[in-house]
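[1] Quick one, structure for this:
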Amino acid sequence: MYNLAAIREEFPVLSRCIYLDSASTSQTPRCAVEAMDRFFYEYAANHGRGAHHLARRTTNEYERTRDILGRFLNVPSDHLVFTKNTTDSINTVAHGVCWEEGDEVITTSLEHHANFLPWMALKDRGVTMKVIPHHGGVVSPETLQEAISSQTRLVAITHMTNVLGTVQPIDEMTAIAHDAGARILVDAAQSVGHMPFDCRKIDFLAMPGHKGLLGPQGTGALYILDFDSLSISCHGGGIVEDVSLESYTLLPPPARFEPGTPNIPGVIGLGRAIELVNELGVENIHTHEVRLGSWMREGLLDIDGVSVYSPPYTTVISFNIEGMDPHTCASKLDEMKGICVRSGMHCSQPLTSSLHPAGTVRASIGCYTGDEEVQDLVECVRKLAEGTR
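    Below you'll find the predicted structure:
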């Protein structure tokens, strides 16, 4: 049974607002914050640096999160690199692939800037970015098949869009990329922790800690199927086995991809947050969120003067009230009932501007969202829409 009341006890801020911005960042549960508190109060030290008992415990707790995430994704934990966020994970790939002039990256018109700008920036290295279109928020495998060529080195695609909430057919796209001799990078910022999927055949899976995994901001991870396909792009302490005045020897991965002092408390908190997601069950979370997302969408569609852009069965609902700027709408919802939604371009300007020149209002569901909160949003939007007529 999905015990929503017990879940909400983990997120004290929910008693003071209606939080419908989980696509931007989730709230962090008490259990994760308490795990970070224990680090600071009981054993704070550096990771992998020191023989004393505080350093040993710090290292063990940090690496425990890697094991927790590996089991959660059903992948080898030593193929997971901790990063700052999804953007950092994607850039690790963009700067780590040994590109050659004439190489091609295929991406889509649905992408967040994090999975668009890194590939565009490669043009100075002679790499071409090919953008393929979507239809109703979904890129068909046939479209990718037609676009892919012998020059395609990488396919980079979002799993779930952060504007429309649509889900891409990743399994089919992975097969198409591999059949063509290319690798695939999947931006799982909006899907990991929100819906079950198998990522074991994906070459690069970029994910945040602070969204569906319920971890703190400043945490993320990159799953790398084959480390031989990627070189390091940042050098420093913690990644080397031996250093002389003339040369150095790198540690095996994943250590060689994690230079410097990492976000130790954040990663430790992330581990406890993932355990909570596991306890709730990703399938249960997905069922809960899709039900509320569908109800929200239908309620908004029923209001005269409201345009809804997201298709059915999504958990990220973009909409606008006719005659009202999205930022004005978001501010008024906050003033009326403490409703927190996102407004603007959502760091996905090519997609969002194609829906409306000023952007959209976006309401997104989390595992802790309640029925009454969805109803409150719909009723407040109804009042605002009536006021514009």
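
[2] Could you grab the helix/strand/coil label for residue 118?
    State at residue 118, reduced to three classes by DSSP: H, G, I helix; E, B strand; the rest coil: helix.

[3] Next, count neighbours for it.
    21 (other Cβ atoms under 10 Å). Heads up, the C-betas are built off the backbone N, CA and C, glycines and all.

[4] So it versus residue 75, what's the distance?
    For residue 118, the distance to residue 75 equals 23 Å [Cβ to Cβ, to the nearest Å].

[5] Nearest spatial neighbour of residue 223, chain-adjacent residues omitted?
    residue 205 (4.0 Å; Cβ to Cβ, 6 or more residues apart in numbering).

[6] And for the one you found, the neighbour number?
    When counting by other Cβ under 10 Å, one arrives at 28 neighbours for residue 205.

[7] Could you report the separation of it from residue 85?
    Between residue 205 and residue 85 the computed distance is 14 Å (Cβ to Cβ).

[8] How about residue 313?
    27 Å.

[9] wait, residue 11 sits on residue 32?
    No. Contact criterion Cβ atoms under 8 Å: residue 11 and residue 32 do not qualify, at 10.4 Å.

[10] Look at these two and report which has more neighbours.
    residue 32 (28 against 18).

[11] Quick one: residues contacting that one.
    214, 215, 216, 269, 270, 272, 273, 276 (Cβ atoms under 8 Å, 6 or more residues apart in numbering).

[12] Okay, buried residues for the host helix or strand of the last one please.
    Element membership for residue 276, per DSSP states H and E: helix 264-280. Residues of helix 264-280 classed as buried: 264-277, 280 (neighbour count, 16 or more other Cβ atoms under 10 Å).

[13] Of these, which pair is most distant in space?
    Greatest spatial distance among the buried residues of helix 264-280 (Cβ to Cβ): 264 and 280, at 25.6 Å.

[14] Show me the helices in the protein, by range?
    4-9, 30-38, 53-73, 86-96, 117-120, 141-147, 170-179, 264-280, 282-301, 326-337, 349-355, 371-387 (DSSP state H).

[15] Among those helices, which comes closest to residue 252?
    Of all those, helix 53-73 sits nearest to residue 252, with 13.9 Å by Cβ to Cβ.

[16] before we move on, back to that, can you add distance to residue 108 and give the helices of the chain back as TSV?
    Formatted as TSV, those follow (distance: least, Cβ to Cβ, whole Å):
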stretch	distance to residue 108
helix 4-9	34
helix 30-38	33
helix 53-73	23
helix 86-96	14
helix 117-120	11
helix 141-147	9
helix 170-179	10
helix 264-280	27
helix 282-301	22
helix 326-337	23
helix 349-355	9
helix 371-387	29
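
[17] Could you pull up the contacting residues of residue 183?
    Counted by Cβ under 8 Å, 6+ apart, residue 183 has contacts 153, 154, 155, 177, 203, 204, 229.

[18] what residues does stretch 281-294 touch?
    Contacts to stretch 281-294, defined as Cβ under 8 Å, 6+ apart, come from residues 2, 4, 165, 193-196, 212, 277, 312-317, 365-367, 369, 371, 374.

[19] one step back: residue 313 and residue 85: who's more crowded?
    Set side by side, residue 313 and residue 85 show more neighbours around residue 85, with 21 against 13, by other Cβ under 10 Å.

[20] Now that one. Its backbone dihedrals?
    phi -180, psi -180 (degrees, to the nearest 10).

[21] just checking, it touches residue 218?
    Yes. Because the distance of 7.1 Å satisfies Cβ under 8 Å, residue 85 is recorded as touching residue 218.

[22] what sits in contact with each of those two?
    209, 210.

[23] wait, what's in contact with the residue nearest to residue 223?
    Residue 205 neighbours (Cβ under 8 Å, 6+ apart): 73, 185, 186, 188, 192, 199, 222, 223.

[24] Quick one: neighbours of residue 4, just the number.
    A count of neighbours around residue 4, defined by other Cβ under 10 Å, yields 14.

[25] And for the closest residue to it other than its chain neighbours, the neighbour number?
    Among residues not flanking residue 4 along the chain, residue 370 sits closest, at 6.0 Å (Cβ to Cβ, 6+ apart). Neighbourhood size, residue 370 [other Cβ under 10 Å]: 16.

[26] on that earlier part again, of all the helices of the chain, which one comes closest to residue 110?
    helix 349-355 (5.5 Å).

[27] list the buried ones in that closest one?
    Going by 16+ other Cβ under 10 Å, helix 349-355 has these buried residues: 351, 352, 355.

[28] In contact with the residue nearest to the second one when sequence neighbours are not counted, which residues?
    The shortest distance from residue 352 to any residue other than its chain neighbours is 4.6 Å, reached at residue 345 (Cβ to Cβ, 6+ apart). Going by Cβ under 8 Å, 6+ apart, residue 345 touches 352, 353, 359.

[29] Mind pulling the model confidence for residue 345?
    According to the prediction, residue 345 has pLDDT 98.

[30] one step back: include distance to residue 112 and pLDDT when you put the contacts of residue 205 into TSV, please.
    Below are the contacts of residue 205 laid out as TSV (distance: Cβ to Cβ, whole Å; pLDDT from 0 to 100):
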residue	distance to residue 112	pLDDT
73	21	98
185	13	98
186	12	98
188	11	98
192	14	98
199	18	96
222	16	98
223	18	98
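
[31] Was I right to think residue 161 contacts residue 136?
    No. Counting by Cβ under 8 Å, residue 161 does not reach residue 136; the two are 11.1 Å apart.

[32] higher neighbour count, those two?
    residue 161 (30 against 7).

[33] so who does the more buried one touch?
    Shown in contact with residue 161 (Cβ under 8 Å, 6+ apart): 110, 137, 168, 190, 316, 348, 351.

[34] quick one: the second one from residue 192, how far?
    If I follow you right, that is residue 137. On the measure of Cβ to Cβ, residue 137 and residue 192 end up 19 Å apart.

[35] Please identify which of these two sits among more neighbours.
    residue 192 (31 against 20).

[36] Just give the nearest non-adjacent residue to that one, would you?
    Once flanking residues are discounted, residue 192 sits nearest to residue 207: 4.5 Å by Cβ to Cβ, 6+ apart.
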